[in-house]
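[1] For reference, the sequence and a predicted model appear below.
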Protein chains: 2
Amino acid sequence: MLKKRDIPRHRRLYEILRKHIVDRVYNEGDLLPSENELCRLYGMTRPTVRQSLAGLAADGYIIKHQGKGSIVHYLPREIGILSVSGTTTAVGDRNLKTKIIVKPVLITWPGDFMFPLNDLERESGCIYMERLRLLDGVPIFYDITYIANINLPRITSRQFEDRSLFRILREHYQIEIKGGEQRIKAINATPKINRFLKMKRGEPVLHLERKMETGTAGLHLYSSIFCNTAKYSIYGRF
Amino acid sequence: MLKKRDIPRHRRLYEILRKHIVDRVYNEGDLLPSENELCRLYGMTRPTVRQSLAGLAADGYIIKHQGKGSIVHYLPREIGILSVSGTTTAVGDRNLKTKIIVKPVLITWPGDFMFPLNDLERESGCIYMERLRLLDGVPIFYDITYIANINLPRITSRQFEDRSLFRILREHYQIEIKGGEQRIKAINATPKINRFLKMKRGEPVLHLERKMETGTAGLHLYSSIFCNTAKYSIYGRF
DNA sequence: AATTTTTACTTGTTAATACAAGTTGAATCA
DNA sequence: TGATTCAACTTGTATTAACAAGTAAAAATT
(Lines give C-alpha, C1' and ligand atoms only; values in the text may rest on other atoms or scores of the structure.)
Protein backbone atom coordinates (compact mmCIF):
# COMPACT_ATOMS: atom_id res chain seq x y z
CA MET A 1 0.00 0.00 0.00
CA LEU A 2 1.17 3.51 -0.76
CA LYS A 3 2.45 5.20 2.34
CA LYS A 4 0.37 8.14 3.43
CA ARG A 5 3.41 10.36 3.33
CA ASP A 6 3.95 9.54 -0.31
CA ILE A 7 0.77 11.20 -1.39
CA PRO A 8 1.27 14.88 -2.19
CA ARG A 9 -0.42 17.20 0.26
CA HIS A 10 -2.58 18.85 -2.39
CA ARG A 11 -3.86 15.42 -3.35
CA ARG A 12 -4.57 14.46 0.23
CA LEU A 13 -6.59 17.60 0.86
CA TYR A 14 -8.46 16.96 -2.38
CA GLU A 15 -9.45 13.49 -1.11
CA ILE A 16 -10.42 14.76 2.35
CA LEU A 17 -12.70 17.44 0.93
CA ARG A 18 -14.10 15.15 -1.75
CA LYS A 19 -15.01 12.60 0.90
CA HIS A 20 -16.63 15.30 3.04
CA ILE A 21 -18.77 16.30 0.10
CA VAL A 22 -19.65 12.73 -0.88
CA ASP A 23 -20.37 11.83 2.78
CA ARG A 24 -22.68 14.85 3.03
CA VAL A 25 -20.71 16.67 5.68
CA TYR A 26 -21.81 19.65 3.58
CA ASN A 27 -25.17 20.16 1.95
CA GLU A 28 -25.66 21.01 -1.68
CA GLY A 29 -25.30 24.78 -1.97
CA ASP A 30 -23.24 25.17 1.19
CA LEU A 31 -19.97 27.03 1.10
CA LEU A 32 -16.81 25.11 1.84
CA PRO A 33 -14.49 26.72 4.39
CA SER A 34 -12.64 29.55 2.71
CA GLU A 35 -9.16 29.08 1.33
CA ASN A 36 -7.68 30.90 4.30
CA GLU A 37 -9.65 28.76 6.72
CA LEU A 38 -8.47 25.59 5.00
CA CYS A 39 -4.88 26.84 5.26
CA ARG A 40 -5.31 27.15 9.00
CA LEU A 41 -7.23 23.90 9.39
CA TYR A 42 -4.81 21.73 7.45
CA GLY A 43 -1.54 23.57 7.96
CA MET A 44 -0.94 24.24 4.28
CA THR A 45 -0.30 27.34 2.24
CA ARG A 46 -2.76 28.95 -0.07
CA PRO A 47 -1.29 27.76 -3.41
CA THR A 48 -1.43 24.18 -2.14
CA VAL A 49 -5.02 24.58 -0.93
CA ARG A 50 -5.97 26.22 -4.20
CA GLN A 51 -4.52 23.33 -6.15
CA SER A 52 -6.79 20.95 -4.23
CA LEU A 53 -9.81 23.16 -4.81
CA ALA A 54 -9.00 23.53 -8.50
CA GLY A 55 -9.12 19.75 -8.78
CA LEU A 56 -12.47 19.60 -6.99
CA ALA A 57 -13.83 22.30 -9.29
CA ALA A 58 -12.55 20.51 -12.39
CA ASP A 59 -14.24 17.31 -11.25
CA GLY A 60 -17.53 19.08 -10.56
CA TYR A 61 -17.67 18.76 -6.77
CA ILE A 62 -17.58 22.51 -6.20
CA ILE A 63 -18.27 25.69 -8.09
CA LYS A 64 -15.88 28.49 -7.26
CA HIS A 65 -17.32 31.97 -7.17
CA GLN A 66 -14.89 34.85 -6.90
CA GLY A 67 -15.51 36.98 -3.81
CA LYS A 68 -18.11 34.57 -2.49
CA GLY A 69 -16.69 31.12 -1.86
CA SER A 70 -16.66 27.55 -3.06
CA ILE A 71 -20.17 26.19 -3.44
CA VAL A 72 -20.77 22.50 -2.88
CA HIS A 73 -22.33 20.60 -5.76
CA TYR A 74 -23.61 17.05 -5.50
CA LEU A 75 -22.78 14.73 -8.36
CA PRO A 76 -24.67 11.67 -9.53
CA ARG A 77 -23.37 8.49 -7.99
CA GLU A 78 -20.69 6.41 -9.54
CA ILE A 79 -21.29 2.81 -10.46
CA GLY A 80 -18.05 1.22 -11.42
CA ILE A 81 -16.29 3.91 -13.38
CA LEU A 82 -19.39 5.64 -14.70
CA SER A 83 -21.60 8.28 -13.15
CA VAL A 84 -25.28 7.56 -13.47
CA SER A 85 -27.79 10.35 -13.73
CA GLY A 86 -30.92 10.06 -11.67
CA THR A 87 -29.05 8.68 -8.68
CA THR A 88 -27.34 10.34 -5.75
CA THR A 89 -24.41 9.29 -3.64
CA ALA A 90 -26.67 9.33 -0.59
CA VAL A 91 -28.41 6.12 -1.56
CA GLY A 92 -25.51 3.97 -0.50
CA ASP A 93 -24.55 0.67 -2.05
CA ARG A 94 -27.41 -1.52 -0.96
CA ASN A 95 -29.01 -1.94 -4.34
CA LEU A 96 -25.77 -2.29 -6.31
CA LYS A 97 -24.41 -5.58 -7.47
CA THR A 98 -21.60 -6.76 -9.65
CA LYS A 99 -21.52 -10.13 -11.35
CA ILE A 100 -18.24 -11.45 -12.63
CA ILE A 101 -18.98 -13.01 -16.00
CA VAL A 102 -15.39 -13.76 -16.93
CA LYS A 103 -12.79 -13.76 -14.17
CA PRO A 104 -9.49 -12.03 -14.96
CA VAL A 105 -7.67 -14.24 -17.39
CA LEU A 106 -4.51 -13.85 -19.45
CA ILE A 107 -5.19 -13.69 -23.20
CA THR A 108 -3.43 -12.38 -26.26
CA TRP A 109 -4.62 -8.98 -27.39
CA PRO A 110 -7.51 -9.05 -29.85
CA GLY A 111 -6.18 -8.51 -33.35
CA ASP A 112 -8.08 -5.29 -34.02
CA PHE A 113 -8.09 -3.72 -30.60
CA MET A 114 -10.16 -0.58 -30.09
CA PHE A 115 -7.18 1.65 -29.21
CA PRO A 116 -3.60 1.60 -30.46
CA LEU A 117 -1.29 -0.22 -28.05
CA ASN A 118 2.29 0.71 -27.36
CA ASP A 119 5.01 -1.89 -27.88
CA LEU A 120 5.36 -2.82 -24.24
CA GLU A 121 1.63 -3.33 -23.85
CA ARG A 122 1.41 -5.44 -26.99
CA GLU A 123 4.25 -7.66 -25.94
CA SER A 124 3.05 -8.20 -22.40
CA GLY A 125 -0.18 -10.01 -23.05
CA CYS A 126 -3.54 -8.87 -21.79
CA ILE A 127 -5.49 -9.34 -18.57
CA TYR A 128 -9.14 -9.62 -19.61
CA MET A 129 -12.27 -9.49 -17.46
CA GLU A 130 -16.01 -9.17 -17.96
CA ARG A 131 -18.43 -7.85 -15.39
CA LEU A 132 -22.11 -7.03 -15.21
CA ARG A 133 -23.37 -4.18 -13.02
CA LEU A 134 -26.87 -4.27 -11.65
CA LEU A 135 -28.88 -1.53 -10.00
CA ASP A 136 -31.98 -2.66 -8.12
CA GLY A 137 -31.49 -6.05 -9.70
CA VAL A 138 -31.55 -4.62 -13.23
CA PRO A 139 -28.40 -5.02 -15.33
CA ILE A 140 -27.32 -1.62 -16.61
CA PHE A 141 -23.64 -2.05 -17.59
CA TYR A 142 -21.80 -4.85 -19.33
CA ASP A 143 -18.18 -3.97 -18.74
CA ILE A 144 -15.24 -5.57 -20.53
CA THR A 145 -11.85 -4.60 -19.16
CA TYR A 146 -8.36 -5.03 -20.57
CA ILE A 147 -4.98 -4.16 -19.12
CA ALA A 148 -1.49 -5.19 -20.18
CA ASN A 149 0.11 -7.86 -18.03
CA ILE A 150 2.89 -5.60 -16.80
CA ASN A 151 4.01 -6.18 -13.22
CA LEU A 152 0.69 -7.70 -12.20
CA PRO A 153 1.73 -10.99 -10.61
CA ARG A 154 -1.05 -13.32 -9.46
CA ILE A 155 -3.73 -10.87 -10.48
CA THR A 156 -5.75 -13.63 -12.11
CA SER A 157 -6.11 -15.42 -8.78
CA ARG A 158 -7.39 -12.46 -6.78
CA GLN A 159 -10.96 -11.97 -5.63
CA PHE A 160 -12.93 -9.16 -7.22
CA GLU A 161 -15.97 -7.28 -5.98
CA ASP A 162 -17.65 -3.97 -6.45
CA ARG A 163 -15.20 -1.38 -7.64
CA SER A 164 -12.38 -3.49 -6.33
CA LEU A 165 -10.32 -3.53 -9.51
CA PHE A 166 -9.14 0.02 -8.80
CA ARG A 167 -8.50 -0.79 -5.16
CA ILE A 168 -6.57 -3.93 -5.97
CA LEU A 169 -4.51 -2.11 -8.56
CA ARG A 170 -3.79 0.68 -6.09
CA GLU A 171 -3.17 -1.36 -2.98
CA HIS A 172 -1.33 -4.34 -4.38
CA TYR A 173 0.35 -2.93 -7.47
CA GLN A 174 0.62 0.82 -6.73
CA ILE A 175 -1.22 1.58 -9.93
CA GLU A 176 -3.38 4.67 -9.78
CA ILE A 177 -6.11 5.05 -12.38
CA LYS A 178 -6.50 8.54 -13.75
CA GLY A 179 -8.70 10.08 -16.39
CA GLY A 180 -8.47 9.43 -20.06
CA GLU A 181 -10.40 9.51 -23.27
CA GLN A 182 -13.51 7.84 -24.53
CA ARG A 183 -15.51 7.25 -27.64
CA ILE A 184 -19.27 7.11 -27.47
CA LYS A 185 -21.85 5.73 -29.85
CA ALA A 186 -25.36 4.36 -29.97
CA ILE A 187 -25.64 0.85 -31.34
CA ASN A 188 -28.07 -1.96 -31.87
CA ALA A 189 -26.84 -4.66 -29.60
CA THR A 190 -25.78 -8.17 -30.48
CA PRO A 191 -27.97 -10.93 -29.05
CA LYS A 192 -25.25 -11.60 -26.47
CA ILE A 193 -25.32 -8.04 -25.21
CA ASN A 194 -29.12 -8.09 -25.21
CA ARG A 195 -29.04 -11.23 -23.15
CA PHE A 196 -26.64 -9.84 -20.56
CA LEU A 197 -28.47 -6.51 -20.27
CA LYS A 198 -31.89 -8.19 -20.45
CA MET A 199 -33.01 -5.98 -23.27
CA LYS A 200 -35.36 -6.59 -26.15
CA ARG A 201 -34.18 -6.79 -29.71
CA GLY A 202 -34.23 -3.35 -31.29
CA GLU A 203 -33.73 -1.46 -28.05
CA PRO A 204 -30.72 0.84 -28.43
CA VAL A 205 -27.57 0.44 -26.35
CA LEU A 206 -24.92 3.00 -25.49
CA HIS A 207 -21.39 1.85 -26.23
CA LEU A 208 -18.40 3.50 -24.54
CA GLU A 209 -14.80 2.72 -25.38
CA ARG A 210 -12.43 4.08 -22.78
CA LYS A 211 -8.68 4.39 -22.47
CA MET A 212 -7.58 5.34 -18.98
CA GLU A 213 -4.19 6.66 -17.98
CA THR A 214 -2.48 5.20 -14.96
CA GLY A 215 0.24 6.54 -12.73
CA THR A 216 2.56 4.13 -14.50
CA ALA A 217 3.70 5.70 -17.74
CA GLY A 218 2.82 3.59 -20.74
CA LEU A 219 0.29 1.46 -18.89
CA HIS A 220 -3.39 1.98 -19.63
CA LEU A 221 -6.65 0.44 -18.53
CA TYR A 222 -9.05 -0.14 -21.40
CA SER A 223 -12.79 -0.66 -21.11
CA SER A 224 -15.56 -1.42 -23.52
CA ILE A 225 -18.86 -0.78 -21.79
CA PHE A 226 -22.36 -1.45 -23.04
CA CYS A 227 -25.03 0.50 -21.21
CA ASN A 228 -28.76 0.20 -20.89
CA THR A 229 -29.69 3.88 -20.60
CA ALA A 230 -33.44 3.41 -20.76
CA LYS A 231 -33.85 4.33 -17.11
CA TYR A 232 -30.57 5.99 -16.17
CA SER A 233 -28.52 8.28 -18.38
CA ILE A 234 -24.77 8.36 -18.12
CA TYR A 235 -23.58 11.57 -16.49
CA GLY A 236 -20.33 13.28 -17.37
CA ARG A 237 -18.50 16.55 -17.32
CA PHE A 238 -16.70 18.19 -20.19
CA MET B 1 -14.87 42.60 -27.61
CA LEU B 2 -12.81 41.73 -24.59
CA LYS B 3 -9.65 43.73 -24.54
CA LYS B 4 -6.50 41.67 -24.96
CA ARG B 5 -5.10 43.02 -21.74
CA ASP B 6 -8.09 41.75 -19.85
CA ILE B 7 -7.26 38.15 -20.52
CA PRO B 8 -5.08 36.66 -17.78
CA ARG B 9 -1.59 35.80 -18.90
CA HIS B 10 -1.94 32.11 -18.09
CA ARG B 11 -5.02 32.00 -20.28
CA ARG B 12 -3.29 33.76 -23.14
CA LEU B 13 -0.37 31.38 -23.10
CA TYR B 14 -2.84 28.50 -23.00
CA GLU B 15 -4.48 29.81 -26.18
CA ILE B 16 -1.16 30.44 -27.94
CA LEU B 17 0.07 26.93 -27.25
CA ARG B 18 -3.29 25.33 -28.02
CA LYS B 19 -3.35 27.08 -31.37
CA HIS B 20 0.22 25.98 -32.10
CA ILE B 21 -0.83 22.41 -31.45
CA VAL B 22 -4.05 22.64 -33.46
CA ASP B 23 -2.22 24.41 -36.32
CA ARG B 24 0.37 21.64 -36.34
CA VAL B 25 3.33 23.80 -35.44
CA TYR B 26 4.22 20.68 -33.44
CA ASN B 27 3.81 17.09 -34.57
CA GLU B 28 2.08 14.47 -32.52
CA GLY B 29 4.64 13.07 -30.09
CA ASP B 30 6.86 16.17 -30.19
CA LEU B 31 7.91 17.81 -26.96
CA LEU B 32 6.70 21.33 -26.28
CA PRO B 33 9.40 23.78 -25.21
CA SER B 34 10.24 23.13 -21.56
CA GLU B 35 8.68 25.16 -18.79
CA ASN B 36 11.87 27.14 -18.39
CA GLU B 37 12.07 27.81 -22.12
CA LEU B 38 8.45 29.03 -22.15
CA CYS B 39 9.26 31.35 -19.24
CA ARG B 40 12.02 32.91 -21.29
CA LEU B 41 10.03 32.98 -24.54
CA TYR B 42 6.93 34.60 -23.09
CA GLY B 43 8.36 36.57 -20.18
CA MET B 44 6.40 34.76 -17.52
CA THR B 45 7.27 32.92 -14.37
CA ARG B 46 7.11 29.20 -13.92
CA PRO B 47 3.90 29.06 -11.84
CA THR B 48 2.09 31.02 -14.57
CA VAL B 49 3.48 28.83 -17.33
CA ARG B 50 2.61 25.72 -15.35
CA GLN B 51 -0.94 26.90 -14.97
CA SER B 52 -1.23 27.18 -18.75
CA LEU B 53 0.26 23.73 -19.23
CA ALA B 54 -1.99 22.24 -16.58
CA GLY B 55 -4.97 23.48 -18.58
CA LEU B 56 -3.60 22.01 -21.79
CA ALA B 57 -3.02 18.69 -20.04
CA ALA B 58 -6.52 18.70 -18.55
CA ASP B 59 -7.99 19.32 -22.00
CA GLY B 60 -5.95 16.54 -23.58
CA TYR B 61 -3.65 18.59 -25.80
CA ILE B 62 -0.49 17.48 -24.02
CA ILE B 63 0.66 14.68 -21.78
CA LYS B 64 3.10 15.81 -19.12
CA HIS B 65 5.86 13.39 -18.25
CA GLN B 66 8.00 14.18 -15.21
CA GLY B 67 11.66 14.52 -16.09
CA LYS B 68 10.97 14.26 -19.80
CA GLY B 69 8.72 17.05 -21.04
CA SER B 70 5.26 17.84 -22.33
CA ILE B 71 4.29 15.56 -25.18
CA VAL B 72 1.97 16.89 -27.86
CA HIS B 73 -1.23 14.92 -28.42
CA TYR B 74 -3.59 15.50 -31.32
CA LEU B 75 -7.30 15.48 -30.56
CA PRO B 76 -10.20 14.64 -32.84
CA ARG B 77 -11.70 17.67 -34.51
CA GLU B 78 -14.54 19.60 -33.09
CA ILE B 79 -17.76 20.06 -34.95
CA GLY B 80 -19.88 22.58 -33.16
CA ILE B 81 -19.35 21.77 -29.52
CA LEU B 82 -18.62 18.08 -29.95
CA SER B 83 -15.41 16.27 -30.76
CA VAL B 84 -15.81 13.62 -33.40
CA SER B 85 -13.67 10.53 -33.43
CA GLY B 86 -12.26 9.42 -36.72
CA THR B 87 -11.51 12.97 -37.81
CA THR B 88 -8.50 15.19 -37.31
CA THR B 89 -8.16 18.93 -37.04
CA ALA B 90 -5.97 18.89 -40.14
CA VAL B 91 -8.85 18.25 -42.47
CA GLY B 92 -10.04 21.80 -42.35
CA ASP B 93 -13.61 22.95 -42.65
CA ARG B 94 -14.25 22.22 -46.32
CA ASN B 95 -16.68 19.37 -45.82
CA LEU B 96 -18.52 20.86 -42.85
CA LYS B 97 -21.89 22.51 -43.13
CA THR B 98 -24.45 23.87 -40.77
CA LYS B 99 -28.09 24.30 -41.64
CA ILE B 100 -30.22 26.58 -39.52
CA ILE B 101 -33.53 24.78 -39.08
CA VAL B 102 -35.02 27.25 -36.64
CA LYS B 103 -33.48 30.70 -36.38
CA PRO B 104 -33.01 32.08 -32.88
CA VAL B 105 -36.43 32.97 -31.57
CA LEU B 106 -37.77 34.06 -28.20
CA ILE B 107 -40.04 31.47 -26.59
CA THR B 108 -41.20 30.62 -23.12
CA TRP B 109 -39.27 27.83 -21.47
CA PRO B 110 -40.67 24.35 -22.12
CA GLY B 111 -42.67 23.23 -19.09
CA ASP B 112 -40.53 20.25 -18.26
CA PHE B 113 -37.10 21.48 -19.20
CA MET B 114 -34.24 19.03 -19.15
CA PHE B 115 -32.26 20.88 -16.46
CA PRO B 116 -33.42 22.90 -13.48
CA LEU B 117 -33.44 26.62 -14.21
CA ASN B 118 -32.63 29.32 -11.73
CA ASP B 119 -35.17 32.06 -11.06
CA LEU B 120 -33.51 34.65 -13.25
CA GLU B 121 -33.29 32.27 -16.18
CA ARG B 122 -36.90 31.19 -15.81
CA GLU B 123 -38.15 34.75 -15.68
CA SER B 124 -36.14 35.99 -18.65
CA GLY B 125 -37.61 33.89 -21.38
CA CYS B 126 -35.64 31.65 -23.66
CA ILE B 127 -33.71 32.11 -26.89
CA TYR B 128 -34.26 28.90 -28.89
CA MET B 129 -32.47 27.67 -32.01
CA GLU B 130 -32.19 24.49 -34.02
CA ARG B 131 -29.30 23.55 -36.25
CA LEU B 132 -28.23 20.57 -38.29
CA ARG B 133 -24.55 19.75 -38.75
CA LEU B 134 -23.38 17.90 -41.81
CA LEU B 135 -20.06 16.24 -42.55
CA ASP B 136 -19.42 15.35 -46.19
CA GLY B 137 -23.05 16.15 -46.89
CA VAL B 138 -24.28 13.67 -44.25
CA PRO B 139 -26.24 15.05 -41.29
CA ILE B 140 -24.60 13.85 -38.06
CA PHE B 141 -25.89 16.24 -35.38
CA TYR B 142 -29.30 17.74 -34.76
CA ASP B 143 -28.60 20.42 -32.21
CA ILE B 144 -31.26 22.30 -30.22
CA THR B 145 -29.94 25.20 -28.18
CA TYR B 146 -31.51 27.23 -25.39
CA ILE B 147 -30.22 30.21 -23.46
CA ALA B 148 -32.01 32.65 -21.18
CA ASN B 149 -32.77 36.03 -22.69
CA ILE B 150 -30.51 37.91 -20.30
CA ASN B 151 -28.68 40.90 -21.74
CA LEU B 152 -28.87 39.56 -25.28
CA PRO B 153 -30.37 42.47 -27.20
CA ARG B 154 -31.13 41.90 -30.87
CA ILE B 155 -29.71 38.39 -30.79
CA THR B 156 -32.68 37.08 -32.76
CA SER B 157 -31.80 39.27 -35.70
CA ARG B 158 -28.17 38.26 -36.00
CA GLN B 159 -26.72 36.07 -38.68
CA PHE B 160 -25.48 32.64 -37.61
CA GLU B 161 -22.97 30.35 -39.25
CA ASP B 162 -20.65 27.56 -38.32
CA ARG B 163 -19.68 27.80 -34.72
CA SER B 164 -20.68 31.38 -34.70
CA LEU B 165 -22.98 31.20 -31.69
CA PHE B 166 -19.95 31.10 -29.37
CA ARG B 167 -18.22 33.85 -31.31
CA ILE B 168 -21.31 36.09 -31.30
CA LEU B 169 -21.81 35.51 -27.59
CA ARG B 170 -18.16 36.30 -26.93
CA GLU B 171 -17.71 39.24 -29.25
CA HIS B 172 -21.04 40.99 -28.91
CA TYR B 173 -22.13 40.04 -25.42
CA GLN B 174 -18.87 39.21 -23.61
CA ILE B 175 -20.23 35.82 -22.73
CA GLU B 176 -17.61 33.10 -22.56
CA ILE B 177 -18.79 29.50 -22.78
CA LYS B 178 -17.03 27.11 -20.42
CA GLY B 179 -17.39 23.45 -19.65
CA GLY B 180 -20.33 21.90 -17.92
CA GLU B 181 -22.17 18.68 -17.46
CA GLN B 182 -23.95 16.31 -19.74
CA ARG B 183 -26.25 13.35 -19.73
CA ILE B 184 -25.91 10.69 -22.36
CA LYS B 185 -28.27 8.00 -23.53
CA ALA B 186 -29.05 5.82 -26.52
CA ILE B 187 -32.57 6.20 -27.88
CA ASN B 188 -34.82 5.17 -30.70
CA ALA B 189 -35.43 8.36 -32.55
CA THR B 190 -38.73 10.02 -33.27
CA PRO B 191 -39.69 10.20 -36.96
CA LYS B 192 -38.75 13.89 -36.91
CA ILE B 193 -35.23 13.16 -35.71
CA ASN B 194 -34.93 10.33 -38.22
CA ARG B 195 -35.96 12.68 -40.97
CA PHE B 196 -33.42 15.36 -39.99
CA LEU B 197 -30.57 12.89 -39.55
CA LYS B 198 -31.64 10.87 -42.61
CA MET B 199 -31.71 7.66 -40.65
CA LYS B 200 -33.85 4.59 -40.99
CA ARG B 201 -36.44 3.61 -38.46
CA GLY B 202 -34.89 1.41 -35.80
CA GLU B 203 -31.39 2.81 -36.16
CA PRO B 204 -30.20 3.99 -32.76
CA VAL B 205 -29.43 7.63 -31.99
CA LEU B 206 -27.17 9.10 -29.33
CA HIS B 207 -28.85 11.78 -27.25
CA LEU B 208 -26.77 14.30 -25.28
CA GLU B 209 -28.25 16.83 -22.90
CA ARG B 210 -25.74 19.51 -21.98
CA LYS B 211 -25.67 22.37 -19.51
CA MET B 212 -22.75 24.71 -20.10
CA GLU B 213 -21.43 27.27 -17.71
CA THR B 214 -20.72 30.76 -18.96
CA GLY B 215 -18.47 33.46 -17.62
CA THR B 216 -21.64 35.17 -16.45
CA ALA B 217 -22.72 33.66 -13.17
CA GLY B 218 -26.17 32.17 -13.29
CA LEU B 219 -26.34 32.10 -17.08
CA HIS B 220 -26.09 28.76 -18.83
CA LEU B 221 -26.21 27.51 -22.38
CA TYR B 222 -28.33 24.38 -22.76
CA SER B 223 -28.17 21.95 -25.65
CA SER B 224 -30.06 18.86 -26.63
CA ILE B 225 -28.15 17.08 -29.35
CA PHE B 226 -29.14 14.04 -31.34
CA CYS B 227 -26.23 12.29 -33.00
CA ASN B 228 -25.92 9.79 -35.76
CA THR B 229 -22.90 7.84 -34.55
CA ALA B 230 -23.01 5.10 -37.18
CA LYS B 231 -19.89 6.43 -38.88
CA TYR B 232 -18.31 8.78 -36.34
CA SER B 233 -18.21 8.23 -32.58
CA ILE B 234 -18.34 11.15 -30.20
CA TYR B 235 -14.97 11.69 -28.53
CA GLY B 236 -14.56 12.99 -25.00
CA ARG B 237 -12.22 13.15 -22.09
CA PHE B 238 -13.04 12.32 -18.53
C1' DA C 1 -36.92 52.98 6.47
C1' DA C 2 -34.26 53.14 2.43
C1' DT C 3 -30.01 54.04 0.27
C1' DT C 4 -25.16 54.57 0.05
C1' DT C 5 -20.64 53.84 1.68
C1' DT C 6 -17.28 51.27 3.94
C1' DT C 7 -15.16 47.28 5.69
C1' DA C 8 -13.83 42.73 5.75
C1' DC C 9 -14.10 39.06 3.79
C1' DT C 10 -13.77 35.95 -0.54
C1' DT C 11 -11.38 33.96 -4.91
C1' DG C 12 -8.11 35.27 -8.96
C1' DT C 13 -3.55 36.43 -10.75
C1' DT C 14 1.29 36.73 -10.67
C1' DA C 15 5.89 36.58 -8.95
C1' DA C 16 10.01 34.63 -6.51
C1' DT C 17 12.26 30.81 -4.40
C1' DA C 18 13.81 26.17 -3.04
C1' DC C 19 14.03 21.43 -3.16
C1' DA C 20 12.31 16.56 -4.82
C1' DA C 21 11.96 13.14 -8.20
C1' DG C 22 12.37 11.46 -13.09
C1' DT C 23 14.84 11.24 -17.58
C1' DT C 24 18.52 11.43 -20.84
C1' DG C 25 22.94 11.50 -22.65
C1' DA C 26 27.85 12.22 -21.82
C1' DA C 27 31.78 10.70 -19.36
C1' DT C 28 34.18 7.25 -17.04
C1' DC C 29 35.42 2.65 -15.82
C1' DA C 30 36.13 -2.30 -16.26
C1' DT D 1 32.43 -2.69 -26.03
C1' DG D 2 29.25 -2.71 -22.43
C1' DA D 3 28.07 -1.17 -17.87
C1' DT D 4 28.00 2.28 -14.46
C1' DT D 5 28.15 6.87 -12.74
C1' DC D 6 27.41 11.61 -13.12
C1' DA D 7 25.74 16.00 -14.79
C1' DA D 8 22.25 18.63 -16.71
C1' DC D 9 18.22 18.82 -17.96
C1' DT D 10 12.98 17.98 -17.18
C1' DT D 11 8.41 18.20 -14.39
C1' DG D 12 6.40 17.92 -9.45
C1' DT D 13 5.66 19.89 -4.86
C1' DA D 14 5.50 23.48 -1.65
C1' DT D 15 6.32 27.91 0.52
C1' DT D 16 6.15 33.03 0.88
C1' DA D 17 4.42 37.30 -0.73
C1' DA D 18 1.66 40.96 -2.91
C1' DC D 19 -2.02 42.93 -5.21
C1' DA D 20 -6.59 42.68 -8.14
C1' DA D 21 -11.37 41.96 -8.44
C1' DG D 22 -15.86 40.31 -6.57
C1' DT D 23 -19.22 39.77 -2.74
C1' DA D 24 -21.75 40.43 1.45
C1' DA D 25 -22.84 42.57 5.50
C1' DA D 26 -22.25 46.27 8.72
C1' DA D 27 -22.19 51.09 9.36
C1' DA D 28 -23.30 55.59 8.04
C1' DT D 29 -26.18 58.79 5.78
C1' DT D 30 -30.36 60.72 4.04
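    On my side now, so go ahead.
[2] Every contact and neighbour count from this point should use C-alpha atoms.
    OK.
[3] roughly how far apart are the residue nearest to A:Thr145 when sequence neighbours are not counted and chain B?
    Of all residues not flanking A:Thr145 in the chain, A:Ser223 sits nearest, at 4.5 Å (C-alpha to C-alpha, 6 or more residues apart in numbering or on different chains). According to C-alpha to the nearest C-alpha, to the nearest Å, A:Ser223 and chain B sit 13 Å apart.
[4] how close does A:Ser223 sit to A:Arg46?
    Note on A:Ser223: its distance to A:Arg46, by C-alpha to C-alpha, to the nearest Å, is 38 Å.
[5] coming back round to it: and the residue nearest to A:Thr145, which of the three is it?
    Under DSSP: H, G, I helix; E, B strand; the rest coil, A:Ser223 falls in the strand class.
[6] shouldn't it be in contact with A:Ile184?
    No - using C-alpha atoms under 8 Å as the test, A:Ser223 is too far from A:Ile184 to be in contact (11.9 Å).
[7] Of A:Ser223 and A:Arg46, which one has the most company?
    Neighbours per residue (other C-alpha atoms under 10 Å in any protein chain shown) separate A:Ser223 from A:Arg46, with A:Ser223 holding more: 22 against 15.
[8] pLDDT value on that one, please?
    On the pLDDT scale, A:Ser223 is placed at 95.
[9] got the residues of chain A near chain B?
    Counting by C-alpha under 8 Å from any C-alpha of the partner chain, chain A comes close to chain B at A:85, A:179-188, A:202-206, A:228-230, A:232-238.
[10] List the residues that contact the residue nearest to A:Thr145.
    Listed by C-alpha atoms under 8 Å, 6 or more residues apart in numbering or on different chains, the contact set of A:Ser223 reads A:143-146, A:208-211.
[11] again, but for A:Gly86
    By C-alpha under 8 Å, 6+ apart, A:Gly86 lies in contact with A:76, A:232-233.
[12] Can you say which of those are buried?
    The neighbour-count test (16 or more other C-alpha atoms under 10 Å in any protein chain shown) marks A:76, A:232-233 as buried among those.
[13] Going by distance to B:Gly67, which of these wins?
    For the buried ones among the contacts of A:Gly86, the minimum distance to B:Gly67 (C-alpha to C-alpha) is 37.0 Å, reached by A:Pro76.
[14] I'd like to know how far the closest one sits from DNA strand D.
    26 Å (C-alpha to the nearest atom of the strand, to the nearest Å).
[15] do the same with A:Phe160
    In terms of C-alpha to the nearest atom of the strand, A:Phe160 sits 29 Å off from DNA strand D.
[16] Give me the neighbour count for that residue.
    Residues near A:Phe160, counting by other C-alpha under 10 Å: 18.
[17] for it, helix, strand, or coil?
    Under the three-state scheme (three-state DSSP), A:Phe160 adopts coil.
[18] How about it, nearest residue that isn't a chain neighbour?
    Distance criterion C-alpha to C-alpha, 6+ apart; nearest residue to A:Phe160, sequence neighbours excluded, is A:Ile100 at 7.9 Å.
[19] Quick check: closest non-adjacent residue to A:Pro104.
    Counting by C-alpha to C-alpha, 6+ apart, the residue nearest A:Pro104 is A:Met129, at 4.5 Å.
[20] can you tell me the helix or strand for the nearest residue in space to A:Ala189 that is not next to it in sequence?
    In space, and not counting its chain neighbours, A:Ala189 is closest to A:Val205: 6.1 Å by C-alpha to C-alpha, 6+ apart. In this structure, A:Val205 sits in strand A:204-214 according to DSSP states H and E.
[21] any weak-confidence spans in chain A?
    Applying pLDDT under 70 to chain A flags residues A:1-5, A:87-94, A:161-164.
[22] Could you pick out the residues of it near DNA strand C for me?
    For chain A, the residues in contact with DNA strand C (C-alpha under 7 Å from any atom of the strand) are A:32-37, A:47, A:64-70, A:217.
[23] All good on my end, thank you.
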